[in-house]
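Asks: Fold the following for me, if possible:
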Amino acid sequence: MLAYIKIIGLPLFSLMLSGCAMKALPTPSGNPEVTINASTQRVKSTLVSRLASQGYILDQDTPYSLSFHRQMDGGSALLYQVALGNAYSSTPQMIISFTFAPQNGGTRVFAHVNTSMANAFGRVEQVNMDRGRAGNDVQAMLQRVKSEIEGNTRG
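Replies: The predicted model follows:
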């Protein structure tokens with residue numbers, strides 16, 4: 001059964017990645033980013049609250065960055081594991097990292113999305129998803145955060 005899944009899953013997963021992985025976002029960097037008219041602390045607090053409510057775990061918090069991870073589940077985890085791992089690989093993780101650059105009373109937020117999985121020998125396989133569906137989802141979330149913060153009292 002696993003061999004059958006690999007035969008069908010690998011080409012399907014490759015098509016899925018190639019179909020959406022190369023399209024740059026309409027941002028200056030082509031990756032998820034947004035400028036929010038608010039303090040860095042307010043932006044960080046909003047992102048922590050939003051991602052924690054979606055099941056992400058905060059891994060790192062520095063003055064200019066945040067990093068979160070969440071275990072992938074369902075079909076996306078299975079496809080990822082079949083395409084890049086084997087039965088002994090760890091469950092894939094979705095990793096979202098943010099970098100904050102204070103600018104003229106606002107905050108420019110840069111985001112990066114990766115998936116990570118350790119194989120049977122401990123080697124960690126990572127795939128950048130900035131320009132795939134995950135990158136688009138993070139960009140949409142950043143736009144919602146911007147609207148939420150700027151729609152409320154500034155600060």
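
Asks: Surely His150 and Val34 touch.
Replies: His isn't right for residue 150; it's Glu. No: using C-beta atoms under 8 Å, Glu150 is not in contact with Val34; the gap is 10.4 Å. Where you see a C-beta, it was placed from the backbone N, CA and C, and this is true even at glycine.

Asks: more crowded one of these two?
Replies: Set side by side, Glu150 and Val34 show more neighbours around Val34, with 20 against 13, by other C-beta atoms under 10 Å.

Asks: Quickly find the element holding the more buried one.
Replies: Applying DSSP states H and E as the criterion places Val34 in strand 33-36.

Asks: Please apply the same query to Val43.
Replies: helix 40-53.

Asks: Take whatever helix or strand comes next after that helix, keep the C-alpha atoms, and write them as CSV.
Replies: Downstream of helix 40-53, the next assigned helix or strand under DSSP H and E is strand 57-62. Once non-C-alpha atoms are left out, strand 57-62 reads as follows in CSV (Å, rounded to 0.1, in the frame of the first residue of the first chain):
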residue,chain,number,x,y,z
ILE,A,57,3.5,27.1,19.3
LEU,A,58,5.8,30.1,19.8
ASP,A,59,9.5,28.9,19.5
GLN,A,60,11.3,32.2,19.5
ASP,A,61,10.6,35.8,20.5
THR,A,62,13.3,38.5,20.1
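
Asks: In terms of secondary structure, what does strand 57-62 contact?
Replies: Helices and strands touching strand 57-62, by 3 or more C-beta pairs under 8 Å, 6 or more residues apart in numbering; DSSP states H and E, are helix 40-53, strand 65-71.

Asks: Mind listing the strands it pairs with, and their directions?
Replies: Note on strand 57-62: by DSSP bridges, its sheet partners are strand 65-71 (antiparallel).

Asks: that older thread, as JSON lines, the helices and strands packed on strand 57-62 with mean pLDDT, distance to Ala111 and mean neighbour count would be great.
Replies: Putting the helices and strands packed on strand 57-62 into JSON lines (pLDDT from 0 to 100; distance: least, C-beta to C-beta, whole Å; neighbours: other C-beta atoms under 10 Å) gives the following:
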{"stretch": "helix 40-53", "mean pLDDT": "97", "distance to Ala111": "9", "mean neighbour count": "16"}
{"stretch": "strand 65-71", "mean pLDDT": "97", "distance to Ala111": "10", "mean neighbour count": "17"}
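
Asks: Can I get the ones you listed in CSV including distance to Asp130?
Replies: Formatted as CSV, the helices and strands packed on strand 57-62 follow (distance: least, C-beta to C-beta, whole Å):
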stretch, distance to Asp130
helix 40-53, 17
strand 65-71, 15
